[in-house]
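*Asks:* got a structure for you, letters missing:
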């Protein structure tokens, strides 16, 4: 076998590898950063903007701490109701929505069952007939 045949076989093998890799990437499309209903959420963004503006106007940003496998969220007011959206950037199947209700200004959530790593926390709550939203990133050890 001469060197010309080896070059052709090498290029052919490389092209087959690239085609197989492209087919694999297209067939396993698991982009967890894209929402399923992103268009509907885009149409209702005015509500999200108003919630964020309410949080800034009222200086209602909650304080978040993780101590001893417990997530503590300290709010500025009492009588909180809403929900917590825990989103895992690396795996969308681990996302959780947890109802939030407390009569005090502190909400505690055990995080021992959650996968360790980075989480995006979105807090939607209502207090004193005003709606708020806050997005923060947390890291669970």
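*Replies:* Done, it's in. What you see is a predicted model, and the numbers here were worked out from it, not measured in a lab.

*Asks:* Residues contacting the lengthiest helix in the chain, please?
*Replies:* Counting by DSSP state H, the longest helix found in the chain is helix 3-27. Where contact means C-beta atoms under 8 Å, 6 or more residues apart in numbering, no residue beyond helix 3-27 reaches it. The C-beta positions use only the backbone N, C-alpha and C, and glycine is treated the same way.

*Asks:* And the helix or strand bottoming out on mean pLDDT in the chain, what's buried?
*Replies:* Each helix and strand of the chain was given a mean pLDDT (mean pLDDT, DSSP states H and E); the minimum falls on helix 38-43 at a mean of 81. Residues of helix 38-43 include none that count as buried (16 or more other C-beta atoms under 10 Å).

*Asks:* For it, name the packing helices and strands.
*Replies:* Helix 38-43 sits against no helix or strand, with contacts defined as 3 or more C-beta pairs under 8 Å, 6 or more residues apart in numbering; DSSP states H and E.
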